[in-house]
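> let's see this in three dimensions:
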Amino acid sequence: MLSSNLKILVISFFFAFILTTTHSLGQNDGDTNDGEGDEDDDDPLVKRNKEDNVVLLNADGETDVLKQSPVVELSGEFIKEEEQRGKEPKSSEEIDGFEEFIPEKRKWEYDAKAENLFNGAIRILSKRRWSDAIQRDIRTAYMDLEESAQLGHFDAQNILGFSYLFGDYRWSIDEAKAIFEKLAEFGSPNAHLGLGFLHSTGAGMAEPNPALGFLHYTFAALGGNPLAQMALGYRFANGVGTKQNCETALMWYKKVADRVASQVKLIGTPSIQRIRIPDELESSSITGTLLDNNVFSYYKYLAETGDMQAILGLAQLYLTGGKGVAMDLNSAAKYFTIASEAGSSQANGYLGKMYLEGTHATPQNNITAFQFFKKAADKGNSIGQAGLGMMFLYGYGVKQEPQKALKLFALAAEQGSPDAQLHLGQMYYKGLGVKRDFKQALKYFQLASQSGHILAIYNLAQMHAKGTGVLRNCRVAVALYKNVAERGRWGGRFMDAYLRFQNGGAVDEAAFRYLFLAEFGYEAAQTNFAFLLDREDTHLFAKEEAYRRAFMNWLRAANQDYPVARVKLGDYKYYGLGSEPSMEEAAEHYKLAATSHQNAQAMFNLGYMHEHGLGVQKDLHLAKRYYDLAAETSTEAVWPVAMALMKLRVEFMLEYLLMNFYHRSPSLDLLDAVLGPDWDLYLMSLLLGLIVWLAYCYFRNRQNGGGRN
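From the prediction side, this is the model:
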């Protein structure tokens, strides 16, 4: 087996070397940009102007600001590119459902039947996130993929390998591994991704081999696979299996962020919902991340009766596929049209976006888009104002007028429009019709990023990575690029995993999917995988191994600032689950969660540990302080804290009596040795029970006596 792996790696190394001879593996420290060349020429909305005196957002080799004119006009080439982007948008129907995989770089001559089977299957499988994909067609598509793979189609083999890995068609890790090993001999980045996952986690292996997994991830990343690039970015950023290196992490995360940002659309981008199972289980069906079926049916009923809020709500859900609702642009357009005809300015704004971008439900039409935007803007709607501003800025079907665009963006930004804030940031950054001002650009990018706008976060990452308008900060840039990278369409696997967990009967498959995503640094996946192992709902690993893996993933999630994971680490160290027990380490984890995240559970646990001197110095006053803080932080902690404080007051009284009026008898030491240090609690409980029993007998006797009188 070892010789086979070496053969795969040696062959893959040569393929990777051939593919990357024009790219540098490293990146110079500081603010220089050597080695990146023209990579940023394809960045979205941030393309480089070829004229020497104009540098647009994300331009490598940034020129000295003092040498540029304070006001920069849009170049003809830039306008032409933007006009073309507006006139010929990529239809939402063309969204590939397999963004985590990249087509093989080597061109093979496939059998015509194999190619036809593959293309037909992909057309169906790419619609899995759309409402018009049915289960029977999906199964047929996988059967066609299997036949195409048997005829030697490499891309079909790649997708089939991952379908075996996750059980999309049938669950067979051994078959997946066999496909990956075969394709890896030809240098397939996707196959190396699969092997990296299997070796790193030990799935389907005798034991994990993180070093070999890291090597496979490297080959996959060099071949351009975005998930492998995320895996390396995460490892270098956090020192997982390698020495921590912020600059290398920045390089890998930037590559993925560039890819994600280049695919951002005005509309029709599926919503990526990274649900944390612990949080979801604590929420109700109404306030939770997913809509309850009954609630959704009720919304549909309200919409059919003409309720405007329900109509707009359904339209927006169908537009992005949010709250677990299947993305359906036909239904979105239908409900927006109904609302528009009823005079809704918000619906007009969204229809303007849909016609400007172009979808299969709303063919691209600048004139129609302008009309809808104007209807919305005339009523003061921020979506309409921002849409008109973009059309005037780039000349989409109208004369290019940056000054008019600026005014419209300003009006929309005052109402909190993220799109308007983004475009204002870009105008100030580039000096488009205004004096170039990096501080103003930073301000508007930050405002838009607070609403979760991907391009705003991306542009902030660019500024922090380059040190433009701010002090260069690698760690901040990495965090921002990571945020963008995790919004890639491959994040759709989160919903797939959650639905398998929610529907029951497929917890193992859900856990396996979370394990896959956890490898690439998704905190929510690390949390969910650890949570499912913690509940002992899965049968993937033996009990002790499950706790060990849960501990590792709680640790990784805690290091990404999830407070519940930090508290769980304290619990695991307290009880010795998945690691050696250590009261001192448990207290440290609780203290971190309490001080950094104001977690009530951690505060309560610290109070208990100080009360009993477990891992920390016994201090009843400090225990009371932590109990009080827990009650102030969370209303759910009020009753547990009240009970703990009652017991603490008894301890205060006993301590006072023992210190001032009582000489400890040797017989008490004997009780400690025989019954344990908590024998007094047992005695108190017994006395309390006795008092309750006596009170019960007393009232019962009174009732009986009253009856005789």
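
> ok, residue 689 - contacts?
Residue 689 sits next to no residue when contact means Cβ atoms under 8 Å, 6 or more residues apart in numbering. The C-beta positions use only the backbone N, C-alpha and C, and glycine is treated the same way.

> can you tell me the helix or strand for it?
Using DSSP states H and E, residue 689 sits in helix 679-708.

> average pLDDT across that helix?
On average, the pLDDT along helix 679-708 is 76.

> equivalent analysis for stretch 419-438, please.
According to the model, stretch 419-438 has a mean pLDDT of 95.

> please apply the same query to stretch 579-590.
Stretch 579-590 comes out at a mean pLDDT of 96.

> quick check: buried residues in it?
Residues 579, 583, 585-590 are the ones in stretch 579-590 that count as buried (16 or more other Cβ atoms under 10 Å).

> likewise for stretch 242-258?
245, 247-258.

> just the CA coordinates for it, please, in CSV.
Provided in CSV are the C-alpha atoms of stretch 242-258 (Å, rounded to 0.1, in the frame of the first residue of the first chain):
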residue,chain,number,x,y,z
THR,A,242,2.1,22.8,10.4
LYS,A,243,3.9,25.9,11.6
GLN,A,244,1.6,28.9,11.8
ASN,A,245,2.3,31.3,8.9
CYS,A,246,-0.1,34.2,8.3
GLU,A,247,1.3,35.2,5.0
THR,A,248,0.9,31.7,3.5
ALA,A,249,-2.7,31.5,4.9
LEU,A,250,-3.4,34.9,3.3
MET,A,251,-2.2,33.6,-0.1
TRP,A,252,-4.4,30.5,0.0
TYR,A,253,-7.5,32.2,1.4
LYS,A,254,-7.2,35.1,-1.2
LYS,A,255,-7.3,32.6,-4.0
VAL,A,256,-10.6,31.2,-2.8
ALA,A,257,-12.0,34.6,-2.0
ASP,A,258,-11.1,35.8,-5.5
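
> and it, average pLDDT?
Stretch 242-258 comes out at a mean pLDDT of 97.

> alpha carbons only: can I get the helix or strand hosting residue 336 in PDB?
Assigned by DSSP H and E, residue 336 belongs to helix 329-341. Taking Å, rounded to 0.1, in the frame of the first residue of the first chain, the C-alpha atoms of helix 329-341 are listed here in PDB:
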ATOM      1  CA  LEU A 329     -36.800  32.100  -9.400                       C
ATOM      2  CA  ASN A 330     -40.100  31.500 -11.300                       C
ATOM      3  CA  SER A 331     -42.000  31.700  -8.100                       C
ATOM      4  CA  ALA A 332     -40.000  34.700  -6.900                       C
ATOM      5  CA  ALA A 333     -40.800  36.600 -10.100                       C
ATOM      6  CA  LYS A 334     -44.500  35.600  -9.800                       C
ATOM      7  CA  TYR A 335     -44.900  36.900  -6.300                       C
ATOM      8  CA  PHE A 336     -42.800  40.100  -6.900                       C
ATOM      9  CA  THR A 337     -45.000  40.800 -10.000                       C
ATOM     10  CA  ILE A 338     -48.200  40.400  -7.900                       C
ATOM     11  CA  ALA A 339     -46.800  42.800  -5.300                       C
ATOM     12  CA  SER A 340     -45.600  45.200  -8.000                       C
ATOM     13  CA  GLU A 341     -49.000  45.400  -9.600                       C
END
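
> ok, residue 363 to residue 357 distance?
The gap separating residue 363 from residue 357 is 11 Å, by Cβ to Cβ, to the nearest Å.

> picking that back up, and the helix holding residue 336, what other elements does it pack with?
helix 308-320, helix 345-357 (3 or more Cβ pairs under 8 Å, 6 or more residues apart in numbering; DSSP states H and E).

> closest to residue 700 out of those?
helix 308-320 (58.1 Å; Cβ to Cβ).

> for stretch 203-213, buried residues please.
203, 205, 209-210, 212-213.

> three-state assignment of residue 265?
coil (DSSP: H, G, I helix; E, B strand; the rest coil).

> ok, residue 366 - how many residues close by?
18 (other Cβ atoms under 10 Å).

> verify the stated contact: it with residue 394.
No: Residue 366 is beyond contact range of residue 394, at 10.4 Å (criterion: Cβ atoms under 8 Å).
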